[in-house]
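>>> got a predicted structure here, sequence first:
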Protein chains: 2
Amino acid sequence: MSIVKDPKSLLEQAVGGNRAALAKLISAIERDGPQTTQVIKTIFGTASTAYLVGITGAPGAGKSTLTDKLIRCYRLRGLEVGVIAVDPSSPYSGGAILGDRIRMGDHASDHGVYIRSMATRGHLGGLSTSVPLAARALAAAGFQDVLIETVGVGQVEVEVAGAADTTVVVINPGWGDSIQANKAGLMEIADLFVINKADREGVRATKRDIEAMLDLAPKGDWRPRVLETVASLDRGTDEVFEAILDHRKFLETSGKLKEIRANRDEEQTMRHLVELAKVDLATFSRGFRATSLDPLSKAEEVFAAWLESKSNQTGNS
Amino acid sequence: MSIVKDPKSLLEQAVGGNRAALAKLISAIERDGPQTTQVIKTIFGTASTAYLVGITGAPGAGKSTLTDKLIRCYRLRGLEVGVIAVDPSSPYSGGAILGDRIRMGDHASDHGVYIRSMATRGHLGGLSTSVPLAARALAAAGFQDVLIETVGVGQVEVEVAGAADTTVVVINPGWGDSIQANKAGLMEIADLFVINKADREGVRATKRDIEAMLDLAPKGDWRPRVLETVASLDRGTDEVFEAILDHRKFLETSGKLKEIRANRDEEQTMRHLVELAKVDLATFSRGFRATSLDPLSKAEEVFAAWLESKSNQTGNS
């Protein structure tokens, strides 16, 4: 594993179009090693932000195929596009389950497309931290549009997709029992529903079902649209692209985009703050023998002792 | 919503067999209000622990039916049993999706069975904190065996089931694409696999599939067993019960039970510690204007200022 010695020059290379340099930057973010903070600060120094489109849904719903067609929409308009594919890691292989990635091979030789898989590695902050930072790296390297594809199964993956500017939820006709438990979560984050494989039976019932759930949802300023596609035949995918642009326009003109981005930065700050405290607390509590028996009283005792030790430390300096 | 004024007398009533008092205790834990800590400390004061059996699997796998039959196994042996059913909450209804709960109506009039639904309410710590505490409350009230049923979809639900002493993963013949993404996670926590609906096609292939994955898994001292049931016909459920007892015996004689329980308490302490720090940091950072631009540097700045403020506070007192 190579070590990033000079993030600044690496970033300069990435900005200049060097894809290997870009890959190294993202690896540094993913790794969360000692140089990571420096890499991140360097990236934030460029002040570039990409427009993030999250694409989520159950395995087999057709997310990758839709993503593939959306990439084409961006390319036809001369736009460069970055793709971050989030795969849950396997504790046995230690790596990402790539699977569908292969299908995107079409774009492999196109310099205007950058596709990157990211896996949960259980490091500090995890995907909720590393994916937005990787998107920042892509933005810094000139990609003003980034697609984030996640499997909408776990809460973390749904959260990552939901942290995009526009979130597309891909389902199939008869979305039934298998995602029942997660329906509410998906309803909450969707700016756009895509019923993919719409050449199958049950499209109308599924559409009715979603619209009924949307009727019950708290009214916001944007009512999620429900579109139909057969992504494998490139049917309806242009409309999805247009709907994404519409939602983006809505966010921009209403001032909401600025707001959600500020909130996102604030959340990231808070997460990092908690991590800083956590690392420090873990180290401290290892060396501390609490006298209390129950975990909560013990925690209070450790916390008080920790604060006390801080005060002595700083007080004496 | 009633307020718990005197946790000690409430606990005494619960210990005495008062189910309404027990319900109030668990509600206090679930609510995570100002009296919660007091309630928890009171419960920990009793030093009772139940043996926890987690039952997880995809929606429709037959978890509730299996749980129902297992309850009967405990009752036939004269054992009292508590059941905690974890349902993901719907942001629209604000409550738990009860669904299968109704089927357990058989045991409703049996005083030796206590069934309780718990929902994610997004409060501090969430289910990972509240479920083990509710199990403690059940133990204090005399239930020495507690079943925790969770939908194995989200990471949190899987974690909750995995925090049991024995974890049973319920699947069906041909467990396929729908839980593909989560397979690895389930493999990691399972002490026992139950292929339910084993009167359907594909049982042997599914069994082979699991055994093959287990062959690849890091070898531990306990190799998870793979059993077959038709829970709706009460076929094979006694064997599941026996296998749970076997695993328990293994944990007890190897000293592992003591170890995992100590670890669990430690994790709970750490979680509460982080929550204490989080609440304090959130309050502090609201009133603090950082000068840095990127979230990470900002976090470092806030953290340093927070420590500084602590030192002044304590130093002057």
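Yes, it's here.

>>> show me where the stretch 151-300 of chain A has its strands.
Using DSSP state E, counting those that start in this stretch, the strands of the stretch 151-300 of chain A run over A:166-171, A:192-195, A:225-228.

>>> show me what residue A:227 bridges to in the sheet.
For residue A:227, the beta-bridge partners are residue A:194 (DSSP bridges).

>>> state the pLDDT value of the residue of the stretch 1-150 of chain A found nearest chain B.
Closest approach between the stretch 1-150 of chain A and chain B, counting by CB to the nearest CB: residue A:44, at 3.1 Å. To be clear about C-beta, it is placed using only N, CA and C from the backbone, and glycine gets the same treatment. In this model, residue A:44 is scored at 80, pLDDT.

>>> could the strands of the stretch 151-300 of chain A go into TSV alongside mean neighbour count and distance to residue B:8?
As requested, the strands of the stretch 151-300 of chain A are exported to TSV (neighbours: other CB atoms under 10 Å in any protein chain shown; distance: least, CB to CB, whole Å):
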stretch	mean neighbour count	distance to residue B:8
strand A:166-171	27	48
strand A:192-195	25	51
strand A:225-228	19	54
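
>>> from residue B:208, how far off is residue A:196?
Distance, residue A:196 to residue B:208, by CB to CB, to the nearest Å: 32 Å.

>>> who's more crowded, the two?
Taking other CB atoms under 10 Å in any protein chain shown, residue A:196 and residue B:208 do not tie; residue A:196 has more neighbours (26 against 11).

>>> wait, that one touches residue A:230, no?
Yes: using CB atoms under 8 Å, residue A:196 makes contact with residue A:230 at a distance of 7.2 Å.

>>> can you list the neighbours in contact with the helix or strand hosting residue A:312?
Using DSSP states H and E, residue A:312 falls within helix A:295-316. With contact meaning CB atoms under 8 Å, 6 or more residues apart in numbering or on different chains, helix A:295-316 is reached by A:280-281, A:284-285, A:288, A:290-292, B:37, B:40-41, B:44, B:265-266, B:268-273, B:276-277, B:307-308, B:310-311, B:313-315.

>>> picking up where we left off before, so which of the strands of the stretch 151-300 of chain A is nearest residue A:261?
strand A:166-171 (12.7 Å; CB to CB).

>>> could you spell out the sheet neighbours of that closest one, each with its direction?
Strand A:166-171 is paired, per DSSP bridges, with strand A:51-57 (parallel), strand A:192-195 (parallel).

>>> send the alpha carbons of the last one over as CSV?
This file holds the C-alpha atoms of strand A:192-195, laid out as CSV (Å, rounded to 0.1, in the frame of the first residue of the first chain):
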residue,chain,number,x,y,z
LEU,A,192,-37.6,10.5,-7.5
PHE,A,193,-39.0,7.0,-7.8
VAL,A,194,-38.1,4.9,-10.9
ILE,A,195,-40.1,1.8,-11.5
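
>>> what does that strand contact?
By CB under 8 Å, 6+ apart, the list of residues contacting strand A:192-195 reads A:66, A:166-173, A:203, A:206-207, A:210, A:224-229, A:236, A:240, A:243-244, A:247.

>>> skip the chain neighbours and tell me the closest residue to residue A:67.
Distances taken as CB to CB, 6 or more residues apart in numbering or on different chains place residue A:149 nearest to residue A:67, at 5.2 Å, with adjacent residues excluded.

>>> does that neighbour really touch residue A:82, like I thought?
No: using CB under 8 Å as the test, residue A:149 is too far from residue A:82 to be in contact (11.4 Å).

>>> okay, now the unreliable bits of chain A?
A:1-4, A:32-34, A:87-106, A:108, A:119-126, A:152-158, A:175-185, A:313-317 (pLDDT under 70).

>>> and the helices in it?
Using DSSP state H, the helices of chain A run over A:7-15, A:19-31, A:36-44, A:63-76, A:127-140, A:155-162, A:177-189, A:203-216, A:237-254, A:256-286, A:295-316.

>>> point out the most buried one among these.
helix A:127-140 (a mean of 24; mean count of other CB atoms under 10 Å in any protein chain shown).

>>> what is it packed up against?
helix A:7-15, helix A:19-31, helix A:36-44, strand A:81-87, strand A:113-119, strand A:145-151, helix A:155-162, helix A:256-286 (3 or more CB pairs under 8 Å, 6 or more residues apart in numbering or on different chains; DSSP states H and E).

>>> what angle sits between the third one and helix A:19-31?
Looking back up the chat, that one is helix A:36-44. 130 degrees (axes from the mean of the first three to the mean of the last three CA atoms, to 10 degrees).

>>> what lies in contact with helix A:36-44?
A:4, A:7-8, A:10-11, A:25, A:28-29, A:133, A:136-137, A:140, B:293-297.

>>> how far off centre is that helix?
18 Å (CA atoms, centre = their mean, to the nearest Å).

>>> ok, now the last one?
The chain centroid and the centroid of helix A:256-286 are separated by 16 Å, computed with CA atoms, centre = their mean.

>>> how far off helix A:127-140 does that helix point, in degrees?
Using the same axes, to 10 degrees: helix A:256-286 against helix A:127-140 is 130 degrees.

>>> check the fifth one too.
Regarding strand A:113-119 and helix A:127-140, their directions subtend 160 degrees when assessed with the same axes, to 10 degrees.

>>> likewise the fourth one?
An angle of 160 degrees separates the directions of strand A:81-87 and helix A:127-140 when computed by the same axes, to 10 degrees.

>>> also the first one?
In this structure, helix A:7-15 runs at an angle of 60 degrees to helix A:127-140, with the same axes, to 10 degrees as the basis.

>>> ok, and what's touching helix A:7-15?
So helix A:7-15 is contacted by A:4, A:21-22, A:24-25, A:28, A:35, A:38-39, A:42-43, A:46, A:137, A:140-142 (CB under 8 Å, 6+ apart).

>>> recalculate using a threshold of 10 Å.
A:4, A:6, A:18-26, A:28, A:35-43, A:45-46, A:48, A:137-138, A:140-142 (CB atoms under 10 Å, 6 or more residues apart in numbering or on different chains).

>>> about what we covered before: and for residue A:149 and residue A:82, which residues touch both?
Contacts common to residue A:149 and residue A:82, judged by CB under 10 Å, 6+ apart, are residue A:115.

>>> just to revisit the earlier point, now for residue A:196 and residue A:230: what residues contact both?
A:62, A:65, A:236, A:237.

>>> tell me how far the last one lies from chain B.
The reference is to residue A:237. Using CB to the nearest CB, to the nearest Å, we find residue A:237 at a distance of 23 Å from chain B.

>>> look up how far residue A:75 lies from the residue lying closest to that residue once chain neighbours are set aside.
Nearest non-adjacent residue to residue A:237, counting by CB to CB, 6+ apart: residue A:69, 4.0 Å away. Per CB to CB, residue A:69 is found 11 Å from residue A:75.

>>> the helices and strands packed on helix A:127-140: which one's closest to residue B:191?
helix A:155-162 (23.6 Å).

>>> now distance to residue B:127 too, for the helices of chain A, in a markdown table please.
Formatted as a markdown table, the helices of chain A follow (distance: least, CB to CB, whole Å):
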| stretch | distance to residue B:127 |
| --- | --- |
| helix A:7-15 | 39 |
| helix A:19-31 | 28 |
| helix A:36-44 | 30 |
| helix A:63-76 | 28 |
| helix A:127-140 | 18 |
| helix A:155-162 | 11 |
| helix A:177-189 | 13 |
| helix A:203-216 | 24 |
| helix A:237-254 | 33 |
| helix A:256-286 | 19 |
| helix A:295-316 | 16 |
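
>>> for residue A:109, the count of nearby residues, please.
With other CB under 10 Å as criterion, residue A:109 counts 7.

>>> how about residue A:137: what's its closest non-neighbour residue?
residue A:25 (4.8 Å).

>>> does the one you found touch residue A:130 like I think?
No: using CB atoms under 10 Å, residue A:25 makes no contact with residue A:130, being 11.9 Å away.
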